[in-house]
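[1] Sequence first, then the predicted structure, then my questions.
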Protein chains: 2
Amino acid sequence: MPNGLIFYEEHKKGVGLFIRAHKVFHSEISPIQKIDVIYNEYLGKVLLLDGLVMLTERDEFIYHEMIVHPAFLTHPNPRRVLIAGGGDGGTLREVLRYNVDVVFLVEIDRRVTEVSKKFFPDLAVGFNDPRTRLIFRDAYDFIKETNDKFDIVIVDSTDPIGHAKKLFEKDFFKEIKRILKSHGIVVAQTESPFYHIELMRKLKKAVIHLFKHTHFYITSIPTYPGGIWSFLYLSDECDPNVIKGSPPQGLRFYNPNIHKASFSIPNFIKNELEE
Amino acid sequence: MPNGLIFYEEHKKGVGLFIRAHKVFHSEISPIQKIDVIYNEYLGKVLLLDGLVMLTERDEFIYHEMIVHPAFLTHPNPRRVLIAGGGDGGTLREVLRYNVDVVFLVEIDRRVTEVSKKFFPDLAVGFNDPRTRLIFRDAYDFIKETNDKFDIVIVDSTDPIGHAKKLFEKDFFKEIKRILKSHGIVVAQTESPFYHIELMRKLKKAVIHLFKHTHFYITSIPTYPGGIWSFLYLSDECDPNVIKGSPPQGLRFYNPNIHKASFSIPNFIKNELEE
């Protein structure tokens, strides 16, 4: 095993990922959670929240492109966007590639954004954009109380433990539906089909009667549990299989073939979701 | 980190997978390589060759279905099959789902097959099938010397180190081409696009002028490096995008949508392959 300071993330029953921290850039306990930034020679800087990998410089583009572009390219005219969570700025960066009017980013932990500004400048590019409204608040409370309406709502949450747990429940999605404009789309990150299928099954049951189109899509993210990750696409009017625009220039993962491919679900996941 | 006996597989520069071995079923050094069978509560039994994960009971179906079914369902009438490597029997099991006349399995290490028979009965089901010809020999030498011809050749090798290195080189694919029947297809496992892109690039250069159709396809395999794995599909007459049959019953991963999806390549892999 590698020498030095080793980060371990156990995914289930003694199976997991290890990363040698060649250097630890930052380590703090904010009022919300533990925040660490470590550096590994292959992955680059890695952001850890409560001891779990949130992103690495090497593969963050996959998660952030895949949580944003499928919704944006199936919506007829996305102008008003809400990001619940996503305080590191990666999702915001991808959203700002489009001609939007305004993006609300509602992050519970101000320190995540400050740490990202300092250590992940490639992610934090959108914080000073005039279209960005940065709100440091619990996204659940914000959505419950707002009277604003949005074309696209993206739930870019941490894992369903602690303060993020309620972002995976039916009530939350009901509240989101209330603030959607016509042709509105919701996308949420929904964990690993290899390790968290029960969560996906529960979520499916919670939203299936709330929206006409409820589809999971999946992609490979090497530093997430199982290297395979799922997202949930919800809409009444928009069909995830009908691509309406061309992707922005410069994407490193997403293309229209990958879009269609990501909605193809392996048999075992389909079967386990239907149980 | 988990208690107990821990297996580590470093994929690159201090990044890798760990697996707690709740029990070690078997451990030997054969004339060819080190062979271990460990047991983990989540993954089930795990076969290690020279300290690398070859398969786990929990996710082996993905690899074995994806190395077999794309070729079989794009070939008009696959009857004669050669498997180079694959001594555990998983690939053989999938091949025998079809109405084939004969399957040659050429494995360098007799002990791998014996260990699989003892500890992985779900993989070893095909060894006693009357259509199976089991040959314990270096696949490179066998292919160089044989005058038999095959409809489909599957290169189910270990990683490109030691005795398997030559199975990733141009000469080997030239020899395979010589033993292909008309409409012949070759499929080879070609490692992780996240960790081994140089190998894929080198292979592409080696085969691109040998066959009319040379396509990589990719899939998620949670216990392989990066959770993402690639295969190479080679044929003069068969097009991987033209599915000619219906998949056998009972598959847990493969379906025709997954088939098409797997040939969709993310931008960064496409770009790195073209460098």
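    Thanks, I have the structure now. A quick note: this is a predicted structure, and the numbers were derived from the prediction, not measured. Numbering: from 1, shown residues only, chains lettered A, B, ... in the order given.
[2] Smallest distance to chain B belongs to which residue of the stretch 151-275 of chain A?
    A:Gly227 (1.2 Å; CB to the nearest CB). Where C-beta positions appear, they are placed from N, C-alpha and C, glycine not excepted.
[3] got the contact list for that residue?
    A:220-221, B:220-222, B:224, B:226-228 (CB atoms under 8 Å, 6 or more residues apart in numbering or on different chains).
[4] A:Asp50 too?
    A:Asp50 neighbours (CB under 8 Å, 6+ apart): A:33-34, A:158, A:161-162.
[5] Taking those, tell me the two that lie furthest apart.
    Greatest spatial distance in those: A:Lys34 and A:Ile161, 12.6 Å, computed using CB to CB.
[6] show me where the stretch 151-275 of chain A has helices.
    In the stretch 151-275 of chain A, the helices defined using DSSP state H, counting those that start in this stretch lie at A:170-178, A:197-207, A:256-262, A:267-274.
[7] Can you add mean pLDDT and mean neighbour count and give those helices back as CSV?
    Putting the helices of the stretch 151-275 of chain A into CSV (pLDDT from 0 to 100; neighbours: other CB atoms under 10 Å in any protein chain shown) gives the following:
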stretch, mean pLDDT, mean neighbour count
helix A:170-178, 96, 17
helix A:197-207, 94, 17
helix A:256-262, 98, 19
helix A:267-274, 95, 14
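[8] Make CSV out of those helices and add distance to B:Pro121.
    Below are those laid out as CSV (distance: least, CB to CB, whole Å):
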stretch, distance to B:Pro121
helix A:170-178, 43
helix A:197-207, 26
helix A:256-262, 34
helix A:267-274, 20
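[9] Adding distance to chain B, write those out as a markdown table.
    Output for those, formatted as a markdown table (distance: least, CB to the nearest CB, whole Å):
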| stretch | distance to chain B |
| --- | --- |
| helix A:170-178 | 26 |
| helix A:197-207 | 12 |
| helix A:256-262 | 3 |
| helix A:267-274 | 5 |
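[10] Of those, give the one that comes closest to B:Asp171.
    Of these, nearest to B:Asp171 by CB to CB is helix A:256-262, at 33.0 Å.
[11] Wasn't A:His69 part of a helix?
    Yes: counting by DSSP: H, G, I helix; E, B strand; the rest coil, A:His69 is found in a helix.
[12] Skipping adjacent residues, who's closest to it in space?
    Leaving aside its chain neighbours, A:His69 sits nearest to A:Tyr254 (4.5 Å; criterion: CB to CB, 6 or more residues apart in numbering or on different chains).
[13] List the contacts of the one you found.
    Going by CB under 8 Å, 6+ apart, A:Tyr254 touches A:65-66, A:69-70, A:247, B:266-267.
[14] Phi and psi next, for it.
    phi -70, psi 140 (degrees, to the nearest 10).
[15] Let me know the pLDDT of it.
    At A:Tyr254, the model reports a pLDDT of 98.
[16] I'd like the distance between it and A:Val68.
    The gap separating A:Tyr254 from A:Val68 is 8 Å, by CB to CB, to the nearest Å.
[17] Not counting sequence-adjacent ones, nearest residue to the most centrally placed residue in chain A?
    Among the residues of chain A, the one closest to the centroid is A:Asp156, at 3.3 Å (CA atoms, centre = their mean). Closest residue in space to A:Asp156, ignoring its immediate chain neighbours: A:Gly86 at 3.5 Å, by CB to CB, 6+ apart.
[18] Strands along the stretch 101-250 of chain A, start to end?
    A:102-107, A:132-136, A:150-156, A:180-189, A:213-220, A:228-235 (DSSP state E, counting those that start in this stretch).
[19] Give the other helices and strands that the third one contacts.
    If contacts are counted by 3 or more CB pairs under 8 Å, 6 or more residues apart in numbering or on different chains; DSSP states H and E, strand A:150-156 sits against helix A:60-72, strand A:80-85, helix A:90-95, helix A:170-178, strand A:180-189.
[20] what mean pLDDT would you report for it?
    The average pLDDT within strand A:150-156 is 98.
[21] Now do that strand and strand A:228-235, the angle between them.
    For strand A:150-156 against strand A:228-235, the angle by axes from the mean of the first three to the mean of the last three CA atoms, to 10 degrees is 160 degrees.
[22] who touches strand A:150-156?
    Around strand A:150-156, the neighbours that count as contacts under CB under 8 Å, 6+ apart are A:67-68, A:71-72, A:75, A:77-86, A:91, A:95, A:104, A:139, A:143, A:167, A:172, A:176, A:179-181, A:183-189.
[23] partners of it, with directions?
    strand A:80-85 (parallel), strand A:180-189 (parallel) (DSSP bridges).
[24] so which of these is the most packed in?
    Mean neighbour count (mean count of other CB atoms under 10 Å in any protein chain shown) peaks for strand A:80-85 among these, with a mean of 25.
[25] May I have it as CSV, with CA atoms only?
    Output of strand A:80-85 as CSV, limited to C-alpha atoms (Å, rounded to 0.1, in the frame of the first residue of the first chain):
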residue,chain,number,x,y,z
ARG,A,80,-34.3,31.3,-14.7
VAL,A,81,-32.3,28.6,-12.8
LEU,A,82,-32.1,27.5,-9.2
ILE,A,83,-29.2,25.4,-7.9
ALA,A,84,-29.9,23.8,-4.5
GLY,A,85,-26.5,23.1,-3.0
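[26] Can you point out the buried residues in stretch A:224-237?
    A:224-235 (16 or more other CB atoms under 10 Å in any protein chain shown).
[27] In the stretch 1-150 of chain A, where is pLDDT below threshold?
    Counting by pLDDT under 70, the stretch 1-150 of chain A shows low-confidence ranges at A:1-2.
[28] in it, which spans are helices?
    Along the stretch 1-150 of chain A, counting by DSSP H, counting those that start in this stretch, helices occupy A:60-72, A:90-95, A:110-119, A:139-145.
[29] can you list the ones you listed in TSV and add mean neighbour count and distance to B:Pro130?
    Converted to TSV, the helices of the stretch 1-150 of chain A look like this (neighbours: other CB atoms under 10 Å in any protein chain shown; distance: least, CB to CB, whole Å):
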stretch	mean neighbour count	distance to B:Pro130
helix A:60-72	25	46
helix A:90-95	26	56
helix A:110-119	19	62
helix A:139-145	19	62
